[in-house]
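In: Give the three-dimensional model of this entry:
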Amino acid sequence: MTPRAERDLSVTASAHPDRGLRALFRIDARPSIRRSLVLWLVLPLALLVPATAILFYQLALAPALDSLDHSLDGTALAIERLVKTGPDGSVQMTVSRELDYALRADRFDVVHWVLQAPDGHVAAGDPELARLGGPPAPVDWRFTDATWEDDPVRVAMHSWICVPAAPGRAAGRCEARVSETLNKRRSVAKHVSAAAASAMLVEALVLAMMGWLAIARSLRPMVRLSTDIEQRSPEHLGAVDQPDIPREVAPLVTALNGLFARVVAASAAEKAFIADAAHQLRTPLTALRTETELALLESHPPQTEALLRRLHLATTRSARLANQLLSQARAEHVRHNSAMERFDLKQIAVEAAEEWVARSVDAGVDLGFELESARVEGHGFLLREMLANLLDNAINYAGAGARITIRTGPSPDAPGCARLEVEDNGPGIPPAERERAFERFQRGNAGGPGSGLGLSIVRDIASHHGARAELLDGEGGIGLRVRVTFAPLDVAARAPRAGRA
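Out: Next comes the predicted model:
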C-alpha cells in the first residue's frame with residue numbers, strides 16, 4: 001500500500017471507523033445475494049441436512065423391508081394353495097423334492113418353512129420352525145423376528161381355515177410359517193444408508209446451485225415463450241399471449257405477433273387461391289372429360305384412338321386433381337371450424353357403398369366389405385374424404401379384375417384401437433417406396449391414373465385425428481393394404497361381420 005493510500009485510509013478510518021473497517025477487509029455495503037444465501041440457506045442447511053438424512057433413511061427403509069415381508073407372504077400363500085383337506089378333516093400336503101427346492105429357493109438367504117395342522121402337529125416342512133414365533137394364533141398374518149441356529153431370521157406366519165365346519169366338527173385353522181435369514185435386509189439397510197448419505201451430499205450442494213436457480217427462474221418466461229413458439233404449427237399461428245414476459249422481451253413478442261399475422265394472412269390467401277382455382281377448373285375439366293368420352297364412343301379414325309385415350313386419361317387425372325384440391329380446401333375449413341363428434345367407421349363405409357360399388361363395377365373391380373363396429377372421434381366429412389381417397393387409389397392402381405376389400409373394426413395389433421383398412425390384390429408398392437408414397441404428388445405406381453395426392457390427404461386427415469396411416473402387404477404378400485389405426489375410445493361397440501357385396 002502506498003504512503004498516500006495509507007494516509008487516506010487512516011483519515012477515513014478516524015472519521016468513519018465502520019467504513020474504514022469495511023474498506024480494510026474489502027466489505028461492500030451494498031445488498032449481496034451471496035450473503036443472503038449464506039445467512040438464509042447455509043446455516044439452516046447445517047441442521048436440515050442430518051435431519052433430512054435420518055428421515056430419508058427411516059422412510060425409505062420401512063417400505064423396502066415391507067416388500068421383503070411380502071416376498072415371504074407369497075411363499076406362505078403358495079403353501080396354502082398346496083394344502084388339501086380330506087373328507088374326515090385330515091390335512092395333507094404332498095411335497096416333492098422339486099417343490100421343496102422351489103419353496104426354499106433364494107439367491108441370498110436361507111429359507112425354511114413349515115405347515116401346522118389344526119391339531120398343532122407338523123404336516124410338512126421343518127418341525128424346528130414350529131417352535132419359533134409362539135403358538136399358532138387365529139390371525140391371518142403375523143410377522144416376527146427370531147433366531148434360528150444362532151442366526152437372526154424373519155418369520156412370516158399365515159393362518160387360515162383349512163378344515164370347514166361340519167356336523168359334529170368345528171372349523172380348523174392351519175398355519176404356514178416361512179422364515180429367512182437377514183442377508184437381503186442388511187443389504188437393503190446398507191444401500192438405504194448410502195442413499196441417505198448421498199442425499200446429505202446433494203443437500204450440501206444446494207447452496208451452490210441456488211445462484212443458478214435464480215437465473216433459471218428469471219429466464220423461465222423466456223423458456224415458456226420458446227416452447228410456445230416451438231410447438232406451433234403453420235395452422236396455429238395465433239398471437240403470443242404471455243403476460244409475464246419481461247419488458248425487455250416485449251418488443252420481440254410484438255414483432256413475432258406481427259410476423260405470425262402476416263404469415264396467417266399469406267397462408268389464407270394461398271389456400272383461397274387454390275380453392276378458387278380448383279373450383280374454376282373443375283367445371284371445364286369435367287366438360288372436357290365428357291367430350292373425350294363421347295369422342296371415344298363415336299366413330300373416329302383409327303389413328304386418333306390412342307390420341308383420344310391419352311387426352312381422356314389426362315383430363316380425367318386433371319379433373320381428379322382439381323376435385324382433390326377443392327376437397328383439401330374444404331377439409332381445412334372443416335378442420336378449423338367444426339368440433340369433433342363420435343362416428344362409427346362401419347356406418348361411414350356402408351354409406352359409401354352405393355357410390356363406390358357402382359364405380360367398382362364400371363371399373364371391373366370386385367369390391368367387398370368386412371365390417372365391424374369401430375367407433376372413433378373425428379369430423380364426418382374428413383373421414384368420408386379419407387375413405388374416398390383410399391378407394392379411389394385402390395380402383396385406379398389395382399386395375400381391372402382386381403379384388404378390393406374395405407375393413408372396419410378393432411385393430412388386431414393395438415388393443416382398444418379402431419382401424420379402417422382398404423386392401424387390394426393389385427401390383428402394390430415396394431416396401432422401400434411406401435414412405436415416399438405419402439408425400440404429395442408422389443405416385444407409388446407410375447402406371448396408374450392418379451395425381452399423387454390421395455395418400456398424402458389420407459395421412460393428413462389421419463394425423464389430424466391422432467391416427468396412424470401405414471402401408472402394408474396384402475394378404476399372402478400380394479397387393480397393398482392401407483391401414484389407418486385410431487386412438488381408443490372409452491366405449492367401443494362391436495357388431496357382427498357383414499358379408500361381401
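In: where do the strands sit along the stretch 251-400 of the chain?
Out: Ranges of strands in the stretch 251-400 of the chain, per DSSP state E, counting those that start in this stretch, are 341-344, 366-371, 375-378.
In: Can I get the ones you listed in a markdown table including mean pLDDT?
Out: Output for the strands of the stretch 251-400 of the chain, formatted as a markdown table (pLDDT from 0 to 100):
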| stretch | mean pLDDT |
| --- | --- |
| strand 341-344 | 87 |
| strand 366-371 | 90 |
| strand 375-378 | 88 |
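In: Figure out which of those is closest to residue 246.
Out: Smallest distance to residue 246 across the strands of the stretch 251-400 of the chain (CB to CB): 40.3 Å, for strand 375-378. No exception for glycine: its C-beta is placed from N, CA and C like everyone else's.
In: So what touches that closest one?
Out: Residues from elsewhere that reach strand 375-378 (CB atoms under 8 Å, 6 or more residues apart in numbering): 340-345, 383, 418, 464-465, 467, 486, 489, 491-493.
In: same deal with stretch 345-356?
Out: Applying CB under 8 Å, 6+ apart, the external contacts of stretch 345-356 come out as 367, 369, 371-376, 380, 383-384, 387-388, 391, 395, 406, 408-409, 418, 420, 486, 495, 501.
In: For the buried ones among these, write the corresponding ChimeraX selection.
Out: Selection of buried members from these for ChimeraX, criterion 16 or more other CB atoms under 10 Å:
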select :367,369,371,372,373,374,375,376,380,383,384,387,388,391,395,406,408,409,418,420,486
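In: quick revisit: mind checking which of the contacts of strand 375-378 land in helices?
Out: 345, 383, 464 (DSSP state H).
In: and which of these is nearest to residue 311?
Out: Distances from residue 311 to these, taken by CB to CB, are shortest for residue 383, at 34.7 Å.
In: pLDDT below threshold where in the stretch 251-400 of the chain?
Out: Low-confidence segments of the stretch 251-400 of the chain (pLDDT under 70): 267-283, 285-286, 288-289, 312-339.
In: where exactly do the helices run in it?
Out: 305-337, 345-363, 380-398 (DSSP state H, counting those that start in this stretch).
In: ok, now the stretch 1-150 of the chain?
Out: Ranges of helices within the stretch 1-150 of the chain are 3-15, 17-24, 33-37, 43-82, 97-104, based on DSSP H, counting those that start in this stretch.
In: List just the nearest of the contacts of strand 375-378 to residue 78.
Out: Residue 78 has its nearest neighbour among these in residue 492, at 38.0 Å by CB to CB.
In: Can you read off the pLDDT for the closest one?
Out: Among the per-residue scores, residue 492 holds a pLDDT of 36.
In: Please apply the same query to residue 424.
Out: In this model, residue 424 is scored at 91, pLDDT.
In: picking up where we left off before, using CSV, lay out the ones in helices among the contacts of strand 375-378 together with distance to residue 402.
Out: Formatted as CSV, the ones in helices among the contacts of strand 375-378 follow (distance: CB to CB, whole Å):
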residue, distance to residue 402
345, 23
383, 24
464, 30
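In: Next, count neighbours for the closest residue to residue 383 other than its chain neighbours.
Out: Leaving aside its chain neighbours, residue 383 sits nearest to residue 348 (5.5 Å; criterion: CB to CB, 6 or more residues apart in numbering). The tally of other residues near residue 348 (other CB atoms under 10 Å) stands at 21.
In: Residue 412 and residue 420, how far apart?
Out: Going from residue 412 to residue 420 by CB to CB, to the nearest Å gives 13 Å.
In: Equivalent analysis for residue 342, please.
Out: Here residue 342 is placed at a distance of 15 Å from residue 420 (CB to CB).
In: what does residue 259 give?
Out: Going from residue 259 to residue 420 by CB to CB gives 39 Å.
In: Quick check: which of the strands of the stretch 251-400 of the chain is nearest to residue 225?
Out: Of the strands of the stretch 251-400 of the chain, nearest to residue 225 by CB to CB is strand 375-378, at 31.7 Å.
In: got the buried residues for stretch 350-367?
Out: Quick answer for stretch 350-367 (16+ other CB under 10 Å): 352, 353, 356, 360, 363, 365, 366, 367.
In: cool, stretch 149-165 as well?
Out: Neighbour-count burial for stretch 149-165, with 16+ other CB under 10 Å as criterion, is recorded at 153, 154, 155, 156, 157, 158, 159, 162, 163.
In: Check stretch 119-139 too.
Out: 123, 124, 125, 126, 129, 130, 132, 133, 136.
In: Start and end of it, how far apart?
Out: One end of stretch 119-139 sits 16 Å from the other (CA to CA, to the nearest Å).
In: contacting residues around that stretch?
Out: For stretch 119-139, contacts defined as CB under 8 Å, 6+ apart pick out 83, 91-93, 95, 112-117, 142, 144, 146-148, 153, 155, 157, 159, 172-175, 177, 179.
In: That's all I had, so thanks and see you.
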